[in-house]
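Novice: here is the input, now give the coordinates:
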Amino acid sequence: MSAQARLAGIELGGTKGIAVLALGQEIVDTLTIPTGEVIGTLGALRQQLGRWHAAEPLQAIGIASFGPVQLDHTQPHYGTILATPKPGWSGAPVADLLTGGLDCPWRIDTDVNGAALAEFQGGAGIGCDPLCYITLGTGVGGGLLVGGRPVHGAMHPELGHLRLRRAPGDTFAGICPFHGDCVEGLVSGPALAARFGGDAASVPDSHPGWDDVASDIAALCGAILLTTAAKRILFGGSIALHRTFLLPRVRARLVEALGSYLPYLTAATATDIVQVAGLGTEAGPLGAIALAADALEGAAR
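Specialist: Numbering: from 1, shown residues only. I've put the predicted structure just below:
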């Protein structure tokens, strides 16, 4: 891929949608809008893609979307959001509405798979195989790379909807409309608001409820290590990036739960295994550009 390839990316999150224009890996223009109803949100992002394409043709587009998403291109609803807790978005034809009329290759994946790809190529995941990226925000999602490629199969990883062992005495029921106390139902932004009875941003770090949150996140990390043998687990999203005290607690609980079984997991190594995403808030937009670069390279083969 040329270092000056003209690429566009869409990071579609539960709270906001971001359109980015890049020359190679350098982002040169950005539009951010709230994620509202389907047609208005995707229409505004498509208009921005159209403006960039009219100014000078785009060579490829990458779409990194919240999920779950149909990623099997042999299926009739390829690129469509499947059943999701986000009201009004189940069945949204994301890929069709964003790429219609734009004559360039494109690729769609989950936002967390895209972020994992960006971290693997130029962030805190370089050289880590397998690599897992977890976002803690409006939802909880997990992207997984094996051999440097996003994992797809019957669908894609849905790590946020695992139901795991709870901390003793934690009675919070969870809010996921599908599973109640799955990880997303316990530690996503809306879950924290329900758990704490108000805006979690105003809850002090010293609140004892954070210990249960750390326990839930540690249980997720343990499940990932036991099932994927990930070399590194990276955390992004507003909760992970703003509540920096959480990951040290998560590591301590992870080592307490599994350190006697996994020989590589110690208090010293846990700091390397469980980290904050190196690209910070740029992981998502750069993930969309990484998907666009993939689409361009695939079209050239």
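
Novice: okay, and for this structure, where does confidence drop off?
Specialist: 1-3, 300-301 (pLDDT under 70).

Novice: let me see the contact set for G236.
Specialist: Residues near G236 by C-beta atoms under 8 Å, 6 or more residues apart in numbering: A115, Y133, I134, T135, L136, V276, A277, L279, G280, T281, A283, G284. (C-beta placed from N, C-alpha, C; glycine too.)

Novice: can you list the helices and strands that the longest helix anywhere in the chain packs against?
Specialist: Longest helix in the chain, counting residues (DSSP state H): helix 209-228. Contacts defined by 3 or more C-beta pairs under 8 Å, 6 or more residues apart in numbering; DSSP states H and E place helix 209-228 against strand 131-136, strand 140-146, helix 183-187, helix 189-196, strand 232-236, helix 246-258.

Novice: same thing but 6 Å
Specialist: Helix 209-228 is packed against helix 183-187, helix 246-258, with contacts defined by 3 or more C-beta pairs under 6 Å, 6 or more residues apart in numbering; DSSP states H and E.

Novice: is the residue nearest the centre of the chain in a helix, a strand, or coil?
Specialist: By C-alpha atoms, centre = their mean, the chain has its centre lying nearest to V112, at 2.5 Å. Under DSSP: H, G, I helix; E, B strand; the rest coil, the three-state class of V112 is helix.

Novice: is it true that it touches T135?
Specialist: Yes - here V112 reaches T135: they are 5.5 Å apart, a contact under C-beta atoms under 6 Å.

Novice: before we move on, the earlier item: check contacts around the residue nearest to the centre of the chain.
Specialist: Y133, T135, G141, G142, G143 (C-beta atoms under 6 Å, 6 or more residues apart in numbering).

Novice: for it, which non-adjacent residue is closest in space?
Specialist: G143 (3.3 Å; C-beta to C-beta, 6 or more residues apart in numbering).

Novice: for the one you found, grab the count of nearby residues.
Specialist: 32 (other C-beta atoms under 10 Å).

Novice: I figured it was touching Y133, is that so?
Specialist: Yes - using C-beta under 6 Å, G143 is in contact with Y133, at 4.4 Å.

Novice: which residues are in contact with both of these two?
Specialist: Common neighbours of G143 and Y133 (C-beta under 6 Å, 6+ apart) are V112, A116.

Novice: before we move on, the earlier item: of the helices and strands packed on helix 209-228, which approaches G122 most closely?
Specialist: Closest to G122 of the helices and strands packed on helix 209-228, according to C-beta to C-beta: helix 246-258, at 21.4 Å.

Novice: go through that closest one and flag the buried ones.
Specialist: Applying a neighbour-count criterion of 16 or more other C-beta atoms under 10 Å, one finds L246, L247, R249, V250, R251, R253, L254, V255, A257, L258 buried in helix 246-258.

Novice: same question, stretch 38-54
Specialist: Residues of stretch 38-54 classed as buried: V38, T41, L42, L45, R46, Q48, L49, W52, H53 (neighbour count, 16+ other C-beta under 10 Å).

Novice: do stretch 67-77 as well
Specialist: G67, P68, V69, Q70, L71.

Novice: does the fourth one touch T84 like I think?
Specialist: By that I understand Q70. No - if you go by C-beta under 6 Å, Q70 and T84 don't touch, sitting 11.6 Å apart.

Novice: the strands in the stretch 1-150 of the chain, which residues?
Specialist: Counting by DSSP state E, counting those that start in this stretch, the segments of the stretch 1-150 of the chain that form strands are 6-12, 16-23, 26-34, 60-65, 106-110, 131-136, 140-146, 149-150.

Novice: with distance to P177 added, can I get those strands in TSV?
Specialist: TSV is the format used below for the strands of the stretch 1-150 of the chain (distance: least, C-beta to C-beta, whole Å):
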stretch	distance to P177
strand 6-12	20
strand 16-23	22
strand 26-34	22
strand 60-65	19
strand 106-110	20
strand 131-136	19
strand 140-146	14
strand 149-150	26
